[in-house]
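**Q** Here's my sequence, what's the structure:
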Amino acid sequence: MFIDHIRIFAKAGDGGDGVVSWRREKYVPRGGPDGGDGGAGGDVILVVDPSTDNLRQYHFDPKLVADDGKNGAGVRKSGKSGKRVIGRVPPGTVVYRASAETVQEAVVFERSEAGIDMEPIADLTETGQEFVLCKGGEPGQGNWRFKTPTNRTPVEHTLGTPGELGVFYLELRRIADAGLIGFPNAGKSTLLGNLSAAKPKVASYPFTTLQPVVGVVEFPDFRRCTIADIPGLIEGAHANRGLGHEFLRHITRCRVLLFVVDMAGSEGRDPVSDLEILRREIKEYDEELARFPWKVVANKMDLEPAAENLEHFCQRFPKVEVIPISAELGQGLDVLKQVLDKEVGLRRTH
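**A** Next comes the predicted model:
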């Protein structure tokens, strides 16, 4: 099960109370105040874990609740601090906060489907990065803290403060250097499988890919880049038709967009129309995304109508860089790798 967005409830621990206590020992009848402080409430912390690839763990238990701090005791004994809770998330997780001031409000809160009114509070991208989702409550002070030369028997003490709580929306946006975008059956999965060691499902029916698949493309001198196979789009994807918003979010972090077009029109499609629709869908979804660098990968060039269609396609888009390939036969992939190497050079890792 692949879960890339989910709503969770989180609550930090409450701080423990300070107490009122008096020292009572033999031969010390008036020992004075010795009430201890409470313990701090535990924090709720999100940690970026590269071994986690989605948010599935929160599907069955969508809550993170830390322990409360313990109350203080006599002889100035401080209460034990509450144990913090750590939630592990994959790189590329964006955290949104929803308004909820009480536990009751948080439990019944329902996020709107679009969620456009929610502002992100954290963008977790780096391995090991930590974010305090909810801060634990402060501990209360015992009465010994309030002893003064003029008030030798204070009964004042403070209570621990409540820990923060809220409803949060976690959204995974896969991190990749390049994203493959195209209609169903354009050959994206076959291309990714031949470019990298990734093994996406390949079949001759639409929507074979139901979740983003990230593969690693190797270059000479131990350089590499990551490339994501985004599930096939349909016209109206920007309005959440088909898989729509479920997967369009995953291309927002790519450095270059590769539009994979069936240049042979093997399913009765027009390559020119396909690109126009894809570009329009990207722009309607996010105008900033439409300004990303992009190329066209002309796939299925091994089929007979492809050469003629390619000539017409290049006349229609004379300023667009087109890389002719046959993902099925592995033709043109070396040229495509060179283009990737050039485009994502700043993202190389050694």
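**Q** what's the neighbour count on the nearest residue to D286 once chain neighbours are set aside?
**A** Spatial nearest neighbour of D286, chain neighbours left out: T252 (6.7 Å); criterion: CB to CB, 6 or more residues apart in numbering. Using the backbone N, CA and C atoms, a C-beta is placed for each residue, glycine as well. Neighbourhood size, T252 [other CB atoms under 10 Å]: 16.
**Q** what does I227 give?
**A** Count around I227 with other CB under 10 Å applied: 26.
**Q** Next, work out how far apart it and A290 are.
**A** 20 Å (CB to CB, to the nearest Å).
**Q** One more: K283?
**A** 4 Å.
**Q** D229 pairs with what?
**A** As for beta bridges, D229 partners with L180, V213 under DSSP bridges.
**Q** is it true that L340 touches R224?
**A** No: look at L340 against R224 with CB atoms under 8 Å: they stay out of range, at 10.0 Å.
**Q** Overlap in contacts, the two.
**A** Counting by CB atoms under 8 Å, 6 or more residues apart in numbering, the residues touching both L340 and R224 are V217.
**Q** the more surrounded of those two?
**A** More neighbours surround L340 than the other of L340 and R224, with 23 against 18 (other CB under 10 Å).
**Q** Secondary structure element for the more buried one, which one?
**A** Using DSSP states H and E, the element containing L340 is helix 333-343.
**Q** Do you know the pLDDT at the residue nearest to D286?
**A** Note on T252: pLDDT of 83.
**Q** Tell me the spacing between it and K188.
**A** 18 Å.
**Q** what about Q57, how many neighbours?
**A** When neighbours are counted by other CB under 10 Å, Q57 registers 14.
**Q** Lowest mean pLDDT among the helices and strands, pick that one out for the chain.
**A** Least confident element among the helices and strands of the chain, by mean pLDDT, DSSP states H and E: helix 103-108 (a mean of 48).
**Q** show me the contacts for V256.
**A** By CB under 8 Å, 6+ apart, the neighbours of V256 are 177-179, 292-295, 340, 343-344.
**Q** switch to 6 Å and redo it
**A** For V256, the contacting residues are 178, 293, 343, by CB atoms under 6 Å, 6 or more residues apart in numbering.
**Q** Most neighbours among those, which one?
**A** Neighbour max across these (other CB under 10 Å) = A178, 26 neighbours.
**Q** which residues does that one contact?
**A** 227, 254, 256, 258.
**Q** Equivalent analysis for V322, please.
**A** Listed by CB under 6 Å, 6+ apart, the contact partners of V322 are 296, 298.
**Q** dump the residue contacts of the spatially most central residue of the chain.
**A** For the chain, the residue nearest the mean C-alpha position is T93 (1.7 Å; CA atoms, centre = their mean). By CB under 6 Å, 6+ apart, the residues touching T93 are 124, 170, 172.
**Q** which among those residues end up buried?
**A** Among the contacts of T93, those classed as buried by 16 or more other CB atoms under 10 Å are 124, 170, 172.
**Q** In a strand, the second one, correct?
**A** Yes: in this structure, L170 lies within a strand as judged by DSSP: H, G, I helix; E, B strand; the rest coil.
**Q** so what's it bridging to?
**A** L170 has these beta-bridge partners by DSSP bridges: I6, V95.
**Q** Equivalent analysis for the first one, please.
**A** L124 forms beta bridges with T93, as assigned by DSSP bridges.
**Q** Show the pLDDT at it.
**A** L124 carries a pLDDT score of 94 in this model.
**Q** again with the last one
**A** We note a pLDDT of 88 for L172 in this prediction.
**Q** what's the offset of the helix of greatest length in the chain from the middle of its chain?
**A** As assigned by DSSP state H, the longest helix anywhere in the chain is helix 271-285. Taking CA atoms, centre = their mean, to the nearest Å, one finds helix 271-285 lying 26 Å from the centre of the chain it belongs to.
**Q** Stretch 187-199 now?
**A** Relative to the centre of its chain, stretch 187-199 is centred 24 Å away, using CA atoms, centre = their mean.
**Q** same question for it, mean pLDDT?
**A** Stretch 187-199 comes out at a mean pLDDT of 81.
**Q** List the contacts of that stretch.
**A** 180, 182, 200, 202, 209, 213, 215-217, 229, 260, 299, 327-328, 330.
**Q** Under the pLDDT cut-off, which ranges of the stretch 201-350 of the chain? List them.
**A** 201-211, 232-247, 345-350 (pLDDT under 70).
**Q** Can you show me the strands along it?
**A** Ranges of strands in the stretch 201-350 of the chain, per DSSP state E, counting those that start in this stretch, are 213-218, 224-229, 256-262, 294-299, 322-324.
**Q** between those strands, which gets nearest to A40?
**A** Across the strands of the stretch 201-350 of the chain, A40 has its closest neighbour in strand 213-218 (39.7 Å, CB to CB).
**Q** Just the angle for that closest one relative to strand 224-229, thanks.
**A** With axes from the mean of the first three to the mean of the last three CA atoms, to 10 degrees applied, the angle from strand 213-218 to strand 224-229 works out at 150 degrees.
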